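Q: Can you look at this prediction? I've put the sequence above it.
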Amino acid sequence: MLVFLILMKFKGRDIISIKDFTKNELNYILDYAEEMVPYAKGEKYRNILKGKVLSSLFFEPSTRTRLSFESSMNRLGGRVIGFSDPSGTSQKKGESLSDTIRMADSYSDAIVVRHPHEGAARLAAEFSEAPVLNAGDGAGRHPTQCLLDLFTIRKEKKKINSKRIVLLGDLKYGRTVHSLAYALALYGAKLTFVSPASLKMPNEVVGECKDLGIDPVSTSNLEKAIKDADVLYATRIQKERFPDAEEYNRVVGSYKINNELLRNAKENLIIMHPLPRVTEIDPEVDKTHHAMYFKQAFNGVPVRMALLSLVIRGKL
Amino acid sequence: MKKELKIPLIKNGTVIDHITAGNAVKVLHILGIPLSSSSVVSVAMNVKSKFGKKDIVKVENREIDPQEVDKIALIAPKATINIIRNYNVAKKHKVEIPNEIIGIVRCSNPTCVSNANEPVKSRFKVINKDPPKIKCYFCEREPEDIADRII
């Protein structure tokens, strides 16, 4: 009965912010994503979304998020329409996001949207009957990235609760780390925030963690923080989010993860990164067993397969 | 010595009293006065009271719905609304911040979608009433300078 109720709640539901979900619901999505892994790898095939159409509206560049959503829909037998460059659309003629969404709503069964304005996905959901999945709204939320991060940690570490997790890099502007910090606190992880002083985690996010009973440690000392870490989650210093080029130049390259740094790390430390990376992880790390970022990127497929299946059809 | 009133009594209408000093014009703006009516409106600013300075607004021959006036609670949390009939106070109401603020405050985040060219009104959830604290429904930003953000 409980499972039935959860299914009912997922069908037609928008995926806008990780905060819209309870821990039970998140667990349900992660469990279902686990079932999707062989289908995501192409080892098995199911066409539960046959005849369904996904609108993929990317107003900002994306590689992994867009491709993994499109792969997910195709792997489940559905079709994808949309664009990855808004310059070929009526937005160029001044069309509003809300009008674009109305159109996509009439052409498809679900809408994935990435947009430079914060709150764009929430607005899209107001204008669409079909469920809207937020693929990143400016410097705001990116819930499917957060879910695949949780999925990766849970899969590799067997649990999230009480694991020591270091979030590193641009904690001020980085859109993934805000949602992730909240979600990890919800799961009871021990959090350390490492960043240059000018890119510290916003007080609002620290406050949310505290409200969930987690008191994060904030520091600029990566060497010290990494010693007892189970997970090192690095982020790119995002040039495009900086209002001031001078500030960007001051902090870019503040941290570099290389084999020398990892000598002080625990044997089973995993390094995650939402990608793309620029200079923050030396390619020499790729060959080590610590590197988890490419597997993490793959995990976007089973997680997004689970979400598309749940919001379009309910689990079958 | 007889105390002189700064603005005269009104026979019928609405008196908004105890407005935070200096905010009377913003209060009128939020309530759409006088654009929304042809009533005579009197404003007194920086009037001395036992709690310090305050502003007062009197609107003649118009009874403003107290629920409507709740919208001003963000910038005048101590305001009271008196409905005047034949020089007597017929109804008294203390403003209360509603749970949601729609179309009154502009989001402080310049890249919030509510500040873009979209057909939506700004919308905030009230997360704390005293002191007022609001969170944007769209981008989740919590503007600190609410009074300066009145549309």
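A: Sure, I can see it. Numbers count the residues shown, from 1 in each chain, chains lettered A, B, ... in the order given.
Q: which stretches of chain B aren't confidently modelled?
A: Residue ranges of chain B with pLDDT under 70: B:1-6, B:35-36.
Q: Select the longest helix from it.
A: Longest helix in chain B, counting residues (DSSP state H): helix B:24-31.
Q: and the next element down the chain from that one?
A: Tracing the chain past helix B:24-31, the next element assigned as helix or strand by DSSP states H and E is strand B:41-49.
Q: check contacts around the closest residue to chain A within chain B.
A: Residue nearest to chain A within chain B: residue B:138 (2.7 Å; CB to the nearest CB). (Each C-beta comes from the backbone N, C-alpha and C, glycine too.) Contact analysis of residue B:138 by CB atoms under 8 Å, 6 or more residues apart in numbering or on different chains lists A:118, A:119, A:120, A:122, A:123, B:107, B:112, B:113, B:114, B:120, B:123.
Q: is it fair to say it lies in a helix?
A: No. Under DSSP: H, G, I helix; E, B strand; the rest coil, residue B:138 sits outside any helix and is assigned coil.
Q: quick one: it and residue A:174, what's the gap?
A: To residue A:174, residue B:138 is 20 Å away according to CB to CB, to the nearest Å.
Q: How about residue A:202?
A: Here the criterion is CB to CB. By it, residue A:202 lies 11 Å from residue A:174.
Q: The two: which is more packed in?
A: A count of neighbours by other CB atoms under 10 Å in any protein chain shown puts residue A:174 above the other of residue A:202 and residue A:174, at 24 against 13.
Q: My guess is that one contacts residue A:235. True?
A: Yes. Using CB atoms under 8 Å, residue A:174 is in contact with residue A:235, at 4.5 Å.
Q: Helices of chain B, residue ranges please.
A: Under DSSP H, chain B gives helices at B:24-31, B:66-69.
Q: Residue A:182 is nearest to which of those?
A: For those, proximity to residue A:182 was assessed by CB to CB; helix B:24-31 is nearest, at 33.6 Å.
Q: check contacts around the most centrally placed residue in chain B.
A: Closest to where the C-alpha atoms of chain B average out (CA atoms, centre = their mean) is residue B:72, at 2.4 Å. Residues near residue B:72 by CB under 8 Å, 6+ apart: B:16, B:19, B:27, B:30, B:31, B:79, B:95.
Q: related to what we said a few turns ago, which of the helices of chain B is buried the deepest?
A: helix B:24-31 (a mean of 20; mean count of other CB atoms under 10 Å in any protein chain shown).
Q: Using CSV, write out every CA atom in that helix.
A: In CSV, the C-alpha atoms belonging to helix B:24-31 read as follows (Å, rounded to 0.1, in the frame of the first residue of the first chain):
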residue,chain,number,x,y,z
ALA,B,24,3.8,56.2,4.6
VAL,B,25,4.5,56.8,0.9
LYS,B,26,5.5,53.2,0.4
VAL,B,27,2.3,52.1,2.2
LEU,B,28,0.2,54.2,-0.1
HIS,B,29,2.1,52.8,-3.1
ILE,B,30,1.4,49.2,-2.0
LEU,B,31,-2.2,49.9,-1.5
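Q: what about the strands in chain B?
A: Here chain B has its strands, by DSSP state E, at B:13-20, B:41-49, B:52-60, B:80-85, B:88-94, B:100-102, B:123-129, B:132-136.
Q: residues touching the residue of chain A at minimum distance from chain B, list them.
A: Nearest to chain B, among the residues of chain A, is residue A:119, at 2.7 Å (CB to the nearest CB). The contact partners of residue A:119, taken as CB under 8 Å, 6+ apart, are A:137, A:140, B:112, B:113, B:114, B:136, B:137, B:138, B:139, B:140.
Q: can you rerun that using 7 Å?
A: By CB atoms under 7 Å, 6 or more residues apart in numbering or on different chains, the contact set of residue A:119 is A:137, A:140, B:112, B:113, B:114, B:136, B:138, B:139.
Q: And for residue A:113?
A: Residues counted as contacts of residue A:113 (CB under 7 Å, 6+ apart) are A:57, A:120, A:121, A:124, A:132, A:134, A:135.
Q: Could you dump the residues you listed into JSON lines with secondary structure, neighbour count and distance to residue A:102 added?
A: Listed next are these as JSON lines, based on DSSP: H, G, I helix; E, B strand; the rest coil; neighbours: other CB atoms under 10 Å in any protein chain shown; distance: CB to CB, whole Å:
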{"residue": "A:57", "secondary structure": "strand", "neighbour count": "28", "distance to residue A:102": "12"}
{"residue": "A:120", "secondary structure": "helix", "neighbour count": "33", "distance to residue A:102": "14"}
{"residue": "A:121", "secondary structure": "helix", "neighbour count": "32", "distance to residue A:102": "15"}
{"residue": "A:124", "secondary structure": "helix", "neighbour count": "30", "distance to residue A:102": "10"}
{"residue": "A:132", "secondary structure": "strand", "neighbour count": "29", "distance to residue A:102": "12"}
{"residue": "A:134", "secondary structure": "strand", "neighbour count": "28", "distance to residue A:102": "18"}
{"residue": "A:135", "secondary structure": "strand", "neighbour count": "27", "distance to residue A:102": "19"}
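Q: Could you list the contact residues of the stretch 101-250 of chain A toward chain B?
A: A:116, A:117, A:118, A:119, A:120, A:122, A:123, A:126, A:138, A:140, A:204 (CB under 7 Å from any CB of the partner chain).
Q: same thing but at 8 Å, please
A: Residues of the stretch 101-250 of chain A lying close to chain B (CB under 8 Å from any CB of the partner chain) are A:115-120, A:122-123, A:126, A:137-141, A:204.
Q: quick one: which of those is nearest residue A:257?
A: Taking CB to CB as the measure, residue A:257 sits nearest to residue A:139 out of those, at 23.3 Å.
Q: Quick check, that closest one in contact with residue A:118.
A: Yes. Using CB under 8 Å, residue A:139 is in contact with residue A:118, at 6.2 Å.
Q: Show me the common contact partners of those two, please.
A: With CB under 8 Å, 6+ apart as the test, residue A:139 and residue A:118 both reach residue B:111.
Q: Between these two, point out the one with more neighbours.
A: residue A:118 (27 against 21).
Q: Wait, the more buried one touches residue A:142, no?
A: No. With contact defined as CB under 8 Å, residue A:118 does not reach residue A:142; the gap is 11.1 Å.
Q: who touches both of these two?
A: With CB under 8 Å, 6+ apart, residue A:118 and residue A:142 have no common neighbours.
Q: From the structure, what's the count of residues near residue B:137?
A: Using other CB under 10 Å: residue B:137 sits among 21 other residues.
Q: rewinding a little: any chance of the helices of chain B in CSV with distance to residue A:190 as columns?
A: Listed next are the helices of chain B as CSV, based on distance: least, CB to CB, whole Å:
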stretch, distance to residue A:190
helix B:24-31, 46
helix B:66-69, 48
